[in-house]
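A.B. asks: What follows is a predicted structure for the sequence shown.
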Amino acid sequence: MAISSPAISAKTTGAKVVRAKPVVVRKTALAADGLKTESLVNPLGLDARQPRLSWQLKAQRRGTRQGAYQILVSSTHGNLMRGRGDLWNSGKVLTEQSNHVLYRGKALPSGARAYWKVRVWDSAGRLSMY
C-alpha cells in the first residue's frame, strides 16, 4: 500500500482542527520491470536497425503470466510521458513474449535517441501501468 500524497488536508470546525486521513492507493499487482534494449539498460548507441526490446514481468501473485503487451516508442521523453508513441505504438499484442521483441516502428535515424515503455496484461486480463 502507498500513500498517494504526503500532504494531509485540514479543515477547521470552530476552534477544533480535524485532520483528514491520507488517501491510500493500492500498489499495482503487475508491472513490466528491467527494461532492456539489445540486452542493455539505457544504451547510448546501437547498430541494430530493428533493436530487440525485453522486460521482466513483476507480479505480486505467484505464478502470474503475461497475456499481452503494448509498447510505445517516442522520439522525445516528453512525448513518451504524454503517451505519444510517435515512432511506434505496437497496440495490444496477445502473447507471453517479453524477451527480444523486435522493434517494428518507423526507421530510427542514426544518432537519434528513442525512448520506450511497455505495459502488460496478465493472463486474467489485468492491466499494468506503463
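C.D. replies: Received, thanks.
A.B. asks: okay, CA-based contacts and neighbour counts for the rest of this
C.D. replies: OK.
A.B. asks: Please, where are all the helices along the protein?
C.D. replies: 77-81 (DSSP state H).
A.B. asks: So which helix or strand of it has the lowest pLDDT on average?
C.D. replies: strand 2-3 (a mean of 27; mean pLDDT, DSSP states H and E).
A.B. asks: Can you get me a residue count around Asp33?
C.D. replies: 16 (other Cα atoms under 10 Å).
A.B. asks: Tell me the pLDDT of Asn79.
C.D. replies: On the pLDDT scale, Asn79 is placed at 96.
A.B. asks: how about Trp121, what does it touch?
C.D. replies: Going by Cα atoms under 8 Å, 6 or more residues apart in numbering, Trp121 touches 66-69, 127-128.
A.B. asks: And the furthest pair within those residues?
C.D. replies: Gly67 and Ser128 (11.5 Å; Cα to Cα).
A.B. asks: Need the residues touching each of those two.
C.D. replies: Common neighbours of Gly67 and Ser128 (criterion: Cα under 8 Å, 6+ apart): 120-121.
A.B. asks: All good on my end, thank you.
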